[in-house]
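Asks: starting from these lines, generate the structure:
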Amino acid sequence: MKTVRLTAAQALIKFLNQQYIHVDGQEFPFVEGIFNIFGHGNVLGIGQALEQDAGHLKVIQGKNEQGMAHAAIAFSKEMFRQKIYAVTTSVGPGSANLAAAAGTALANNIPVLFLPGDTFASRQPDPVLQQVEHEHSLAVTTGDVLKPVSRYWDRITRPEQLMSSLIRAFEVMTDPAKAGPATICLSQDVEGEAYDFEEKFFEKRVHYLDRKAPTDRELNGAADLIKQSKKPVIIVGGGAKYSRARDILMTLSEKHNIPLVETQAGKSTVEAGFKNNLGGLGITGTLAANKAARQADLIIGIGTRYTDFATSSKTAFDFDKAKFLNINVSRMQAYKLDAFQVVADAKTTLEKLAPMLEGYVTEFGSTIAELKEIWSIERDRLRKIEFNRENFDPEIKNHFPQEVLNEYADALNTEFAQTAALLTVNETVDPDSTIICAAGSLPGDLQRLWNSEVPDTYHLEYGYSCMGYEISGALGIKLAKPDKEVYAMVGDGSFLMLHSELITAIQYHQKINVVLFDNSGFGCISNLQMSHGSGSYFCEFRTHDHQILNIDYAKVAEGYGARTYRVNTPEELKAAIEDAKKQDVSTLIEVKVLPKTMTDGYASWWNVGVAEVSNKEGIQKAYQLRQEKLKTAKQY
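Replies: Sure thing, here's the model as predicted:
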């Protein structure tokens, strides 16, 4: 048996270079590179190994552990989970900063390899710098916080443990049903310890992503359900996108006149212009999609987790008449809403179902086209809404008093509605550009209003809705699509949470575009408060003497080296986008918009906790409404 003497960290890097993935006849390296922020827990171990021989791995220096991890997650998502970046951090705060990103990856089923440093396995210098201590156990470290937000978790306290741990981690990351973050905590002394590893361990290893085919029982059951239904609706989830099921979805939808509705993760699997695509479903969905879902007697969920936003907190469907058919590689997800389960790959299943549905046509008739046209008219109305200081539209959701809106208009020097601004962006960017968003009111506006003319150009992280993902994720998308424009659609609240990887994008000449919608506050949460009877309490950005904050975000980005623009009219916004296209450096467009000018819900309801006892009539009414809605919601 031939061996090679390497440190644990050197063995790790050598192993990462030899991992390949095989998908639909194509084979390529699985690990693209590694993001790093070096500290005393990894610089002398993994840092030394990378400096000595990084192999083909691209090494990128991050600026914030959460930020660079989000970039890695977005890269993996954009590559349909078929390529990853690893992420290495130091001990203590460095590893703790991975927690939000790990939760983001886990909620979205995105593979990413986290390699946080850890304390000494020998425990001889304990407590080392940045080490936490517990009276009940010396074995608990900061790395333990990543256990509940990792699909696989391990701690390496001897070099030879690395071998079995890595093989297990890659098995998890390359399994479509279990895909998620793998965390391997590396004791910092062990990173530098040597071991005689078998050379065979470093041979090329291929991980096969074979498409799981449905059984005959599953196919026959699914076909019977569809043929017995009169008005089925297909929910296009993220699993449909990762399966690359666009073509067969369109074929089945068109041939059998079945409407398509989308989750945030599934949006742009099929382009918006497809005649049977009714857009987003649920709380942030379109009126067309929600009406179709309510009429349905069969819900065909393809690669969806049925989150509360997609199901309007389990009130979107008529449960008295609707049956459910779930196609999902995850057995757990397939069981949801007491559905008939097909545990298999989406594309393979639909292709095998196609010949079994010959001659079947739904009873929707012209309804799909009529619903799509009604929504098109509403979308156009939203695009044309204008506001002014003398006559604010009374339809503004949970509108402030006139004098408060005037105050915002004066403070921000704008009368620009958020819906009009967003649609202006949609009309001006190149169709093959990719947009990214995650949190605030923008995801609702985007799912309803954004028309993706080119497939796979809509990137929403709404499984965790992690504020701060947007700009970091834009960098990850750019790494995946170096020849395309990327636009991070971000509110001022999310920008303030985390935008450090804008610097990384500039540093590595990876051009991203940030479109920052500034309404001086956490607007969507203010909406949530006010729609349930409360005031706008601590959700506006105001000074100690109650003045509205007017931050010059463009100047912040300009200081980093970005090309910046300040706009507050459609004409200025169009001009800024056109000029930004010509730049080869990252850009930021600061768009001042009025609060309360985002879209409202369409035939949907969100189940949130409401105070059962209050001295406010509005809160009392909100609580009673919740109790009424719960009577119609499915309980399992």
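
Asks: the stretch 251-400 of the chain: strands as residue ranges?
Replies: 260-262, 277-280, 298-302, 323-328, 340-343 (DSSP state E, counting those that start in this stretch).

Asks: and those: which comes nearest residue 621?
Replies: Within the strands of the stretch 251-400 of the chain, the stretch nearest residue 621 is strand 277-280; the backing value is 27.9 Å (CB to CB). The C-beta positions use only the backbone N, C-alpha and C, and glycine is treated the same way.

Asks: and the closest one, which strands flank it?
Replies: When pairs are called by DSSP bridges, strand 277-280 turns out to pair with strand 260-262 (parallel).

Asks: contacts for the partner strand?
Replies: Here strand 260-262 makes contact (CB atoms under 8 Å, 6 or more residues apart in numbering) with 233-236, 249, 253, 269-270, 274, 276-281, 285, 289, 292-293, 447.

Asks: rewinding a little: okay if I get the strands of the stretch 251-400 of the chain as TSV plus mean pLDDT and mean neighbour count?
Replies: Output for the strands of the stretch 251-400 of the chain, formatted as TSV (pLDDT from 0 to 100; neighbours: other CB atoms under 10 Å):
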stretch	mean pLDDT	mean neighbour count
strand 260-262	98	30
strand 277-280	98	26
strand 298-302	98	27
strand 323-328	98	26
strand 340-343	98	21
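
Asks: CSV for those, including distance to residue 467?
Replies: As requested, the strands of the stretch 251-400 of the chain are arranged in CSV below (distance: least, CB to CB, whole Å):
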stretch, distance to residue 467
strand 260-262, 23
strand 277-280, 20
strand 298-302, 28
strand 323-328, 28
strand 340-343, 34
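
Asks: to residue 548, which of these lies closest?
Replies: Among those, strand 277-280 sits nearest to residue 548 (CB to CB), with 31.6 Å.

Asks: for that closest one, list the C-alpha coordinates in CSV.
Replies: Written as CSV, here are the backbone C-alpha positions of strand 277-280 (Å, rounded to 0.1, in the frame of the first residue of the first chain):
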residue,chain,number,x,y,z
ASN,A,277,-47.5,30.5,-17.2
LEU,A,278,-49.7,32.5,-14.7
GLY,A,279,-46.8,33.6,-12.5
GLY,A,280,-46.2,33.4,-8.8
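
Asks: quick one: residues in contact with that strand.
Replies: 259-264, 267, 270-272, 285-286, 288-289, 292, 368, 371-372, 375, 447-448.

Asks: quick revisit: from the contacts of strand 260-262, which ones fall inside helices?
Replies: Using DSSP state H, the subset of the contacts of strand 260-262 located in helices is 249, 253, 289, 292, 293, 447.

Asks: was I right to think residue 98 contacts residue 70?
Replies: No - counting by CB atoms under 8 Å, residue 98 stays clear of residue 70, with 10.1 Å between them.

Asks: those two: which is more packed in?
Replies: residue 70 (33 against 28; other CB atoms under 10 Å).

Asks: number of residues surrounding residue 103?
Replies: Residue 103, neighbours per other CB under 10 Å, totals 18.

Asks: do the same with residue 178
Replies: If you count neighbours by other CB under 10 Å, residue 178 ends up with 17.

Asks: so it sits in a helix?
Replies: No - using DSSP: H, G, I helix; E, B strand; the rest coil, the assignment for residue 178 is coil, not a helix.

Asks: my guess is it contacts residue 172. True?
Replies: Yes - between residue 178 and residue 172 a contact is recorded at 5.3 Å, counting by CB under 8 Å.

Asks: overlap of the contact sets of these two?
Replies: residue 151.

Asks: can you list the domains in this protein?
Replies: 3-208, 216-374, 385-592 (automatic domain parsing).

Asks: distance from the chain centre to the shortest one, please.
Replies: Its chain's C-alpha centre and that of domain 216-374 lie 21 Å apart, by CA atoms, centre = their mean, to the nearest Å.

Asks: please apply the same query to stretch 406-421.
Replies: With CA atoms, centre = their mean, you get 28 Å for stretch 406-421.

Asks: again with stretch 528-545
Replies: Taking the mean of its C-alpha atoms, stretch 528-545 sits 27 Å from the chain's own mean (CA atoms, centre = their mean).

Asks: in that stretch, which residues are buried?
Replies: 528, 529, 530, 531, 532, 533, 534, 536, 539, 540, 541 (16 or more other CB atoms under 10 Å).
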